[in-house]
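**Q** Fold the following, please.
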Amino acid sequence: MLVITKPQKKLTYYAGFAWQKSGEIQNQKDWENLLKKQTQIIANPLQITIK
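**A** Okay, the predicted model is just below:
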C-alpha cells in the first residue's frame, strides 16, 4: 500500500482480520457485511452530551 498525503493532513487507516473458528466470519460475504457495518459505525460515531 502506498499513500501520499500533504503535510499536516490527517490520515486515518484501519486494518482488520477474521478467524473462521470464531464463528463470526465464515466466508467472504460475512466479511463484506462486517466491513459495511463498521463503515456505518465509523461514519456515525456515538456522541454523548452531558448537561
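**Q** For this structure, which segments are assigned as helices?
**A** 28-43 (DSSP state H).
**Q** Spatially central residue for it, please.
**A** Q38 (4.6 Å; Cα atoms, centre = their mean).
**Q** Tell me how far that one lies from L11.
**A** Between Q38 and L11 the distance is 18 Å, computed by Cβ to Cβ, to the nearest Å. Where you see a C-beta, it was placed from the backbone N, CA and C, and this is true even at glycine.
**Q** quick one: low-confidence parts of the chain?
**A** Counting by pLDDT under 70, the chain contains no low-confidence range.
**Q** Provide a list of residues in contact with the residue nearest to the centre of the chain.
**A** Y14, G16 (Cβ atoms under 8 Å, 6 or more residues apart in numbering).
**Q** Look up how far A15 lies from it.
**A** 12 Å.
**Q** same check, this time on Q47
**A** Q47 sits 25 Å away from A15, going by Cβ to Cβ.
**Q** Then K6?
**A** Using Cβ to Cβ, K6 is found at 23 Å from A15.
**Q** what do you get for A43?
**A** Separation of A43 from A15 (Cβ to Cβ) stands at 18 Å.
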